[in-house]
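>>> my questions concern the predicted model and sequence given below.
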Amino acid sequence: MTSPPGYRIAALASHRAGERRFGRQLLAFATLVGITTLCAANELAFRQPRAYLDPGAGLPWWIAPIAAAVGALGGGLFAVRIAHPGRALPWLLLLAAVPTAASGYGWFAAFARPGALDAAAIGVPLVGCALVAASLGAALRALRYRAAAVGIFERATAPGFAIAATVALGVAVGGLTRVGLLRAGALLGITLATLALWATTLLGAAERHAVPRVVPRARALRAAAIIALVGGLVALHQSGRWVALADLRSRDGTILYTFRSPQAHYVVTSAQASYALFVDGRLELSTLDGYRYAEALVHPAMAAALRHERVSVLGGGTGLIERELLRYPEVQGVEIVTPDPALPRLAKRAPWVDRSTRDALATRAFSIVVEEPIVWLDASGPQYDVILVNVPDPVSYGEAKNYSQYFYARLGARLGPGGVAVAQATSPLRFPETFQTILATARSAGLHVLPYRAPLATLGEWGFLLLSRRPLVPPRAVPDGLAFLDGPTLLAMFAAPPDTTSKRAVSPNRLYSMSLLDAFERETTAVGALAGDSMKP
């Protein structure tokens, strides 16, 4: 039986067209596998460990790349020994999707738990990179012969494709850095699950056989891939409950951890090899220069006070201020007054805070009182030798009441004979009118006030007020061994540069007339910053 005229030519043309279509599909699949596995390896071995470990919590960050290399080596050797790589590839892609999608959540959950961070530093990159490397190795083995038959290598080495693939890889890496660690892992897991689903049909076409013969239990694989894909989408959606998009937009560093208490919203970021803790958008603690803030707040007041036995900290709880107080053996007890007990609880259990504070809060010298500072001052109670006021900036009426004439009058009443208080008072350089208003308010309460300033890397020059019922002179001596303060530095802090003095007439801030809020809002607008961005470290 002979074929009709032109049949063989048409069949050959149809076959070649099918080969070209399949070649394009195979090239797209291989490219996506390569880009996704490289991005996943970067996330698991470098980006996540650098963000969580580089500032100094847990193991050194380079332990994770070593664990990732060991896992990748094991996964690569496993891929070489697979008898039928085409059959194993979809399953390996599916297995790699799970730890990749969950990696961000694993780091997140381990960050505030002692010991768990070290386990994550080894386990996440080891397991994740082993499965990613096994997937990549199986893909190379499964596709190389068929890729050569349809001319994939010639297309892949073309300059245009190489440039496009490089740009796509750069865009993928850049995009993942913008969506946060949780969303990046979820997106990579979704992509790997999609590739596993695609591989079931693509490899069947590659071998010119039915899919079940190439991929055993293909229906089960498809079902598992769909479940993994849905799980990845759920993880992506749920990431908003762990790390809100508003937090990503408002923070410059990589967000490592967030949680909410009934009183506040807490965010921990990593940047410049340091951690930063934000409370309701305000910087509460930075491991970059938090020691400077703590030394500047504690030691001038301790040097000016006649006695040190009884000390109170209004708004403390991170441990940095408390660590500096432990340098004074005569301190018999410290009462920490905070409206939210979640902060000292975090400081006690989080490894990165413990390393910065040397586990200061674990000592018996400190007791915690859950109360608003102004309410605590208003109540009858003992007098103190030193009171450290570490309250947030006056961004609203709730915070501005802690800078009122009434607040400072009650503060003076709680000081014992020869007692000294110190209060943070915003930046005299960025907010000179605000600083002068706080200064005038404290003086209107009948207190002797001595202002001073300290340079901070995170916020620039920051202002403080020494307060007492007796006249004050600048102190000259601090304990030896401090990282920031010494005698000459301490004395220089009490000099007032001309550009930190407001020319505008100011009036005291009272509970019924909050002049401080108007001044703070004007100056915040003038410097082009949000009120929540200017807080103590």
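Done, it's in.

>>> give me the low-pLDDT residue ranges for the stretch 251-400 of the chain?
When residues are selected by pLDDT under 70, those of the stretch 251-400 of the chain lie in 354-356, 358.

>>> what segments of it are helices?
Under the criterion DSSP state H, counting those that start in this stretch, the stretch 251-400 of the chain carries helices at the ranges 290-304, 320-325, 342-349, 351-357, 373-378, 397-400.

>>> need those in CSV with distance to residue 485 and mean neighbour count, can you?
Any C-beta I mention is one placed from the backbone N, CA and C, and that applies to glycine too. Listed next are the helices of the stretch 251-400 of the chain as CSV, based on distance: least, C-beta to C-beta, whole Å; neighbours: other C-beta atoms under 10 Å:
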stretch, distance to residue 485, mean neighbour count
helix 290-304, 5, 24
helix 320-325, 10, 24
helix 342-349, 23, 20
helix 351-357, 17, 22
helix 373-378, 25, 19
helix 397-400, 27, 16
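
>>> so which of those helices comes closest to residue 284?
Proximity to residue 284, assessed across these by C-beta to C-beta, is greatest for helix 342-349 (7.4 Å).

>>> hmm, who's touching the closest one?
Under the contact criterion C-beta atoms under 8 Å, 6 or more residues apart in numbering, helix 342-349 has outside partners 112-114, 259, 261, 263-264, 266, 279, 284, 317-319, 336, 338, 353-354, 357, 361-362, 368.

>>> which of those are buried, as a PyMOL select command?
Buried members of the contacts of helix 342-349 can be picked out in PyMOL with the line below, counting by 16 or more other C-beta atoms under 10 Å:
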select buried, resi 112+264+266+279+284+317+318+319+336+338+353+354+357+361+368
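
>>> the helices of the stretch 251-400 of the chain: which one's closest to residue 62?
helix 351-357 (17.4 Å).

>>> remind me which residues of the chain are low pLDDT?
Judged against pLDDT under 70, the low-scoring parts of the chain cover residues 1-23, 145-158, 161, 203-218, 354-356, 358, 500-503, 527-537.

>>> wait, which of the helices of the stretch 251-400 of the chain is closest to residue 451?
With respect to residue 451, and counting by C-beta to C-beta, the nearest of these is helix 290-304 at 10.9 Å.

>>> if you count contacts, what does the closest one end up packed against?
Contact here means 3 or more C-beta pairs under 8 Å, 6 or more residues apart in numbering; DSSP states H and E; on that basis helix 290-304 packs against helix 320-325, strand 384-389, strand 415-424, strand 448-456, strand 460-468, helix 487-492.

>>> give me the angle between it and strand 460-468.
With axes from the mean of the first three to the mean of the last three C-alpha atoms, to 10 degrees as the criterion, the two stretches helix 290-304 and strand 460-468 enclose an angle of 20 degrees.

>>> gap between helix 290-304 and the chain center?
Remark: helix 290-304 is offset 27 Å from the chain centroid, using C-alpha atoms, centre = their mean, to the nearest Å.

>>> would you mind giving the domain segments of the protein?
What the record gives for the chain is the domain set 7-243, 248-282, 288-533, from automatic domain parsing.

>>> residue 467 pairs with what?
Beta-bridge pairing of residue 467 under DSSP bridges involves residue 421, residue 449.

>>> surely it touches residue 447?
Yes - the pair residue 467 and residue 447 passes the contact test of C-beta atoms under 8 Å, sitting 4.8 Å apart.

>>> residues shared between the contacts of those two?
Between them, residue 467 and residue 447 share the contacting residues 408, 411, 412, judged by C-beta under 8 Å, 6+ apart.

>>> the second one belongs to a helix?
Yes - when the secondary structure is assigned by DSSP: H, G, I helix; E, B strand; the rest coil, residue 411 falls within a helix.

>>> look up how far residue 337 lies from it.
Look at residue 411 and residue 337: by C-beta to C-beta, to the nearest Å, they are 12 Å apart.

>>> and residue 28, by the same measure?
62 Å.

>>> could you do residue 297 as well?
Between residue 297 and residue 337 the computed distance is 15 Å (C-beta to C-beta).

>>> between the two ends of stretch 464-476, how far is it?
Separation of the first and last residues of stretch 464-476 by C-alpha to C-alpha, to the nearest Å is 16 Å.

>>> returning to what we had before: may I see the helices and strands packed on helix 290-304 organised as a markdown table, with distance to residue 159 added?
As requested, those are arranged in a markdown table below (distance: least, C-beta to C-beta, whole Å):
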| stretch | distance to residue 159 |
| --- | --- |
| helix 320-325 | 56 |
| strand 384-389 | 65 |
| strand 415-424 | 60 |
| strand 448-456 | 51 |
| strand 460-468 | 49 |
| helix 487-492 | 60 |
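
>>> of these, which approaches residue 236 most closely?
When the helices and strands packed on helix 290-304 are ranked by distance to residue 236, counting by C-beta to C-beta, first place goes to helix 320-325 at 36.3 Å.

>>> and the closest one, how far out from the chain's middle?
Its chain's C-alpha centre and that of helix 320-325 lie 23 Å apart, by C-alpha atoms, centre = their mean.

>>> give me the contacts around it.
Residues outside helix 320-325 that contact it (C-beta under 8 Å, 6+ apart): 285, 290-291, 293-295, 297-299, 302, 311, 313, 316, 331, 334, 336, 356-358, 360-361, 365-366, 388, 390.

>>> next: stretch 483-492.
Taking C-beta under 8 Å, 6+ apart as the criterion, the residues outside stretch 483-492 that touch it are 291, 292, 295, 296, 299, 300, 303, 474, 475, 476, 477, 478.

>>> and of those, the nearest to residue 233?
Taking C-beta to C-beta as the measure, residue 233 lies nearest residue 291 of those, at 43.8 Å.

>>> and that closest one, how far from residue 422?
Remark: distance between residue 291 and residue 422 (C-beta to C-beta) = 16 Å.

>>> can you give me every residue that contacts residue 188?
For residue 188, the contacting residues are 36, 39, 40, 43, 97, 100, 101, 176, taking C-beta under 8 Å, 6+ apart as the criterion.
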